[in-house]
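Q: fold the following and give me the result.
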Amino acid sequence: MVQGPMLLVILVIAIVMIVVLISRFKVHAFLSLLAASFFVGIAAGMNPVEVTKTIMKGFGGTAERIGIVIIAGTIIGVFLEKTGAALTMAETVLKLVGPKRPALAMSIIGYITSIPVFCDSGFVILSALNKSLSKKSGVSMAVMATALSTGLYATHTLVPPTPGPIAAANNLHADLGMVIAVGLIVAIPVAYAGYLWAIKFASQYEVLAETSVSYEELLEKFKTLPSAFAAFTPLVLPIVLIALKSVANFPGLPFGNGTLKIAIDFVGEPMISLLLGVLFCFSLVPKLNEEVLSGWVGDGLRDSAAIIMITAAGGSLGALLAASKIADYLGSSLAVFNLGIFLPFVIAAALKTAQGSSTVSLITTSAIVYPLLGSLGLASPMGAVLATMAVGCGSMIVSHANDSYFWVVSQFSGLKVDIAYKCQTLGTLIQGVVGIAVVYVLKIILL
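A: Reported below is the predicted structural model:
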């Protein structure tokens, strides 16, 4: 087995390999992560048979823990889109915020929508609404697009059941309920920073909304929209149940140790709570038929397949980093620098900027960081949660031309590339910096 500084060289080469394969040669992240996993094991001097077994164990263990969770979360997102429930949520927020603050409304709507839905998909779903509100209010599309995109981005990288944060929490062995609770808190100032950037900076660019559909016509498209209660339940119920399970397992056992706790532990298991969310999705549909029960569910299965495979491949890489002792050596080497909570942030930011995908950054960084938690002073349960937040904040920096989300935002909003760089790219930079500042303050308070 290779030992000493050469282990760090192997890790650096593996990270560069992932970035180059994805960015330069357009290799799918799944194959890139698997290739890096094989490279790490073989280069470190492990028996090739053991390398293969470790990859399979890491892959299978990760898929076992979060596969159904990701599928259920994706199905919920499909139903919110196809039933018009996302528009109902938007309508509810607009009524609360008021028509005179459309950018704030879109930021909040994005914050809510991206909890179960990928930010790319969320922006596409809400794009017509965003354009019609821009046209109706006279607010520049640069402002509206930036407010929506940064609102979506905040929870996309910080709050499960979005797949990236789920994978990071899983890799870091963090309590999912606590990750949700802390993620929702951290995401508020992060989203607000994006909103301020939209109204203070993006407002200097006048971009007209190009849409032939009015806000009223958009609402009429669905004829009958679900009620606010029905629309929010599939999203809110799983979050509440998962959070309750975390509370039930506090050291003081607030719900006791009997039947009530067992029941809360059962319904608060992420897989069960999200499946209950899927069950409530059926109430959004006037009539259950083959299109709904097979077609819509099939869409969710198809959309979730790629991210499950990427996440599981990230689990393989994490298993190889542990088995090859690279992580142990990295931890002892970095301990002298006392980087603490900032190390996960820096690694995630470097990976995100280099290869473009926040999800890949979340998965890869969390796999690298988990064995280092002790040397970073983050070995406690809350330390693992804050490490997850730090990785999420780093994975925001920055959304630019190698990120599909950058092009979704710019193309669907009619923003020229140079304006998109100034609004979207700089906005995500500010969000990440604000996020890690909040996480650092929480670390001082909670650890």
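Q: can you measure across stretch 34-50, start residue to end residue?
A: End-to-end distance for stretch 34-50, by C-alpha to C-alpha, to the nearest Å: 15 Å.
Q: who's in contact with it?
A: For stretch 34-50, contacts defined as C-beta atoms under 8 Å, 6 or more residues apart in numbering pick out 1-2, 7, 10-11, 13-15, 17-18, 21, 27, 51, 54-55, 58, 313, 316-317, 319-321, 323-326. To be clear about C-beta, it is placed using only N, CA and C from the backbone, and glycine gets the same treatment.
Q: can you do 7 Å?
A: Residues outside stretch 34-50 that contact it (C-beta atoms under 7 Å, 6 or more residues apart in numbering) are 1-2, 7, 10, 14, 17-18, 21, 51, 54-55, 313, 316-317, 320-321, 323-324, 326.
Q: pull out the buried residues from that stretch.
A: 34-41, 43-44, 46 (16 or more other C-beta atoms under 10 Å).
Q: so of the residues you listed, which ones are in helices?
A: 34-41, 43 (DSSP state H).
Q: reformat those residues as JSON lines; add pLDDT and distance to T365.
A: Output for these, formatted as JSON lines (pLDDT from 0 to 100; distance: C-beta to C-beta, whole Å):
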{"residue": "L34", "pLDDT": "95", "distance to T365": "17"}
{"residue": "A35", "pLDDT": "95", "distance to T365": "18"}
{"residue": "A36", "pLDDT": "94", "distance to T365": "13"}
{"residue": "S37", "pLDDT": "94", "distance to T365": "15"}
{"residue": "F38", "pLDDT": "96", "distance to T365": "20"}
{"residue": "F39", "pLDDT": "96", "distance to T365": "18"}
{"residue": "V40", "pLDDT": "94", "distance to T365": "15"}
{"residue": "G41", "pLDDT": "95", "distance to T365": "19"}
{"residue": "A43", "pLDDT": "95", "distance to T365": "20"}
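Q: so how do I select the buried members of the contacts of stretch 34-50 in PyMOL?
A: A single PyMOL command selects the buried members of the contacts of stretch 34-50 (16+ other C-beta under 10 Å):
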select buried, resi 2+7+10+14+17+18+21+51+54+55+313+316+317+320+321+323+324+326
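Q: just the ones of the contacts of stretch 34-50 in helices?
A: Under the assignment DSSP H, the contacts of stretch 34-50 contribute 7, 10, 14, 17-18, 51, 54-55, 313, 316-317, 320-321, 323, 326 to helices.
Q: my guess is T359 contacts P163, does it?
A: Yes: taking contacts as C-beta atoms under 7 Å, T359 lies within contact range of P163: 6.3 Å.
Q: name the residues contacting each of these two.
A: Among the neighbours of T359, those also in contact with P163 (C-beta under 7 Å, 6+ apart) are I307.
Q: poorly predicted segments of the stretch 101-250 of the chain, please.
A: Counting by pLDDT under 70, the stretch 101-250 of the chain contains low-confidence residues at 211-216, 218.
Q: now do 90
A: The model of the stretch 101-250 of the chain has pLDDT under 90 over residues 113, 115-118, 120-133, 135-137, 161-163, 208-225, 235, 243, 246-247, 249-250.
Q: next, K100: phi, psi?
A: The phi and psi values for K100, taken as degrees, to the nearest 10, are phi -80, psi -10.
Q: how close does it sit to S137?
A: 8 Å (C-beta to C-beta, to the nearest Å).
Q: of those two, who's got more company?
A: Taking other C-beta atoms under 10 Å, K100 and S137 do not tie; S137 has more neighbours (18 against 9).
Q: dihedrals phi and psi, the more buried one?
A: Torsion angles, degrees, to the nearest 10, at S137: phi -90, psi -20.
Q: my guess is it contacts R101. True?
A: No: counting by C-beta under 7 Å, S137 sits too far from R101 to count as a contact (9.0 Å).
Q: tell me which stretches of the chain form strands.
A: Applying DSSP state E to the chain gives no strands.
Q: next, count neighbours for F266.
A: With other C-beta under 10 Å as criterion, F266 counts 12.
Q: next, the contact list for it, please.
A: Residues near F266 by C-beta under 7 Å, 6+ apart: I272.
Q: that one and K245, how far apart?
A: From F266 across to K245, the span is 9 Å (C-beta to C-beta).
Q: hang on, the earlier thing: export the buried residues of stretch 34-50 to a markdown table and tack on distance to A72?
A: Formatted as a markdown table, the buried residues of stretch 34-50 follow (distance: C-beta to C-beta, whole Å):
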| residue | distance to A72 |
| --- | --- |
| L34 | 25 |
| A35 | 30 |
| A36 | 29 |
| S37 | 27 |
| F38 | 31 |
| F39 | 34 |
| V40 | 32 |
| G41 | 33 |
| A43 | 38 |
| A44 | 37 |
| M46 | 36 |
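Q: about what we covered before: and the ones in helices among the buried residues of stretch 34-50, which is closest to L274?
A: Nearest to L274 out of those is L34 (C-beta to C-beta; 27.0 Å).
Q: quick check: the closest one vs V69, distance?
A: 22 Å.
Q: next one: P189
A: From P189 to V69 the distance is 27 Å (C-beta to C-beta).
Q: same question for H173.
A: 15 Å.
Q: likewise for I18?
A: In this structure, I18 and V69 are 24 Å apart, going by C-beta to C-beta.
Q: farthest-separated two in the ones in helices among the contacts of stretch 34-50?
A: Going by C-beta to C-beta, the pair spanning the ones in helices among the contacts of stretch 34-50 furthest: L7 and A313, at 21.2 Å.
Q: got the contact list for L284?
A: For L284, the contacting residues are 79, 83, 85, 226, 230, by C-beta under 7 Å, 6+ apart.
Q: which of these sits closest to V417?
A: A85 (33.4 Å).
Q: okay, now the nearest residue to the closest one once chain neighbours are set aside: neighbour count?
A: In this structure, A85 finds its nearest non-sequential neighbour in A231, 3.8 Å apart by C-beta to C-beta, 6 or more residues apart in numbering. Using other C-beta under 10 Å, A231 has 24 neighbouring residues.
Q: A231 contacts T83, correct?
A: No: contact criterion C-beta under 7 Å: A231 and T83 do not qualify, at 8.0 Å.
Q: ok, now how distant is A36 from I166?
A: For A36, the distance to I166 - C-beta to C-beta - is 21 Å.
Q: now S380: how far from A174?
A: Distance of S380 to A174, computed by C-beta to C-beta: 10 Å.
Q: hmm, S316 and I55 touching each other?
A: Yes: if you go by C-beta under 7 Å, I55 and S316 touch, sitting 4.4 Å apart.
Q: so what's K443 up against?
A: 341, 386.
Q: same check on G58?
A: Contacts of G58 (C-beta under 7 Å, 6+ apart): 315-316, 318-319.
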